[in-house]
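K.L.:
sequence? don't have it. structure:
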DNA sequence: GGTATATTGTTGACTACGCAAAGAACAGTA
DNA sequence: TACTGTTCTTTGCGTAGTCAACAATATACC
């Protein structure tokens, strides 16, 4: 439990200094980039990131100010505000991804063998996937 | 990475509502209880919990107010302030430990077999232990 | 001894969240 | 249509942590 805290902080700090992104912000961009239209309802984004809606609102404030994400509305449901990845956001993600993946690799490098990593991910995959997929506009 | 965040929050929330302890506060009590004299320098406690010294200062503020930990000084180095577990702290830890361990069990129950848990902990043990042991008063 | 350097702990200012409450919009039902 | 309940989002307030700067003390070296 403790190791995760520090690992998270380490990765988060690297992203922050190198690209000005928190780990959650990075993952938000990543999640959005994998959506069909690079957009997601804020509630759904919250579920994916395991944040509360208020956390997402505040995180998106920053990303919107930075121009990495835009707010878009839904034609059929005026309650909904989408988080929509911008071109700048896509570029930022691409730039950050390389460094981020390299950081993670470094953390494991030399510590575990290929076989051990495979074992580990096999076992971890059996744990419940908390954040399932969600439908889009019409819920 | 995401699953850890929510798991931590879940366990932390349970400790909080059931015993008024944050997860870090719980671990602080646990770490102290395992020390020879149930005491630790604040810096060392910070290293064990992977917190910064200021984080420890603030957490101990709460634990001291609650009477679970006392401040003690070192005879040979006046910079040092120990965090010293009190009897009340020991009792609180004992009370919280049962519920906490049960919560963790529940999380894994039914998800992994005994063999899988063994495999998992075997592999995880190979990852570097970030927080090593420390000497006491004279560093 | 006297001075530079390191360690310990605290504080102020800040960030990043959570929770609870609220308002707006939607959906179902009488 | 009016009423009731649900969903989506934001906001105020509180908590827990970080970082940078600081004072006090200890250590090392001349």
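P.N.:
Received it, and whenever you're ready, just let me know what you need. Remember, it's a predicted structure, so these values are computed and weren't measured experimentally.
K.L.:
Can you tell me how far residue A:55 is from residue B:63?
P.N.:
Going from residue A:55 to residue B:63 by CB to CB, to the nearest Å gives 27 Å. Quick note: C-beta positions are derived from backbone N, CA and C, even for glycine.
K.L.:
The two: who's more crowded?
P.N.:
Comparing residue A:55 with residue B:63 by other CB atoms under 10 Å in any protein chain shown, the one with more neighbours is residue B:63, at 22 against 14.
K.L.:
Identify the residues contacting the residue nearest to that one when sequence neighbours are not counted.
P.N.:
Leaving aside its sequence neighbours, residue B:63 sits nearest to residue B:69 (CB to CB, 6 or more residues apart in numbering or on different chains; 4.1 Å). Residues counted as contacts of residue B:69 (CB atoms under 8 Å, 6 or more residues apart in numbering or on different chains) are B:28, B:29, B:32, B:60, B:63, B:83, B:84, B:85, B:86, B:89.
K.L.:
Look up phi and psi at residue B:69.
P.N.:
Main-chain torsions, residue B:69, degrees, to the nearest 10: phi -140, psi 150.
K.L.:
Show me where chain A has its helices.
P.N.:
Using DSSP state H, the helices of chain A run over A:2-19, A:23-33, A:42-49, A:53-65, A:87-108, A:114-124.
K.L.:
now the residue nearest the centre of chain A: how far from residue B:122?
P.N.:
Against the mean C-alpha coordinate of chain A, by CA atoms, centre = their mean, the closest residue is residue A:27 at 1.3 Å. Using CB to CB, residue A:27 is found at 29 Å from residue B:122.
K.L.:
Would you convert the helices of chain A into a markdown table that also reports mean pLDDT?
P.N.:
Output for the helices of chain A, formatted as a markdown table (pLDDT from 0 to 100):
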| stretch | mean pLDDT |
| --- | --- |
| helix A:2-19 | 73 |
| helix A:23-33 | 94 |
| helix A:42-49 | 96 |
| helix A:53-65 | 96 |
| helix A:87-108 | 83 |
| helix A:114-124 | 71 |
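K.L.:
Can you add distance to residue B:51 and give these back as a markdown table?
P.N.:
A markdown table is the format used below for those (distance: least, CB to CB, whole Å):
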| stretch | distance to residue B:51 |
| --- | --- |
| helix A:2-19 | 9 |
| helix A:23-33 | 18 |
| helix A:42-49 | 24 |
| helix A:53-65 | 22 |
| helix A:87-108 | 20 |
| helix A:114-124 | 26 |
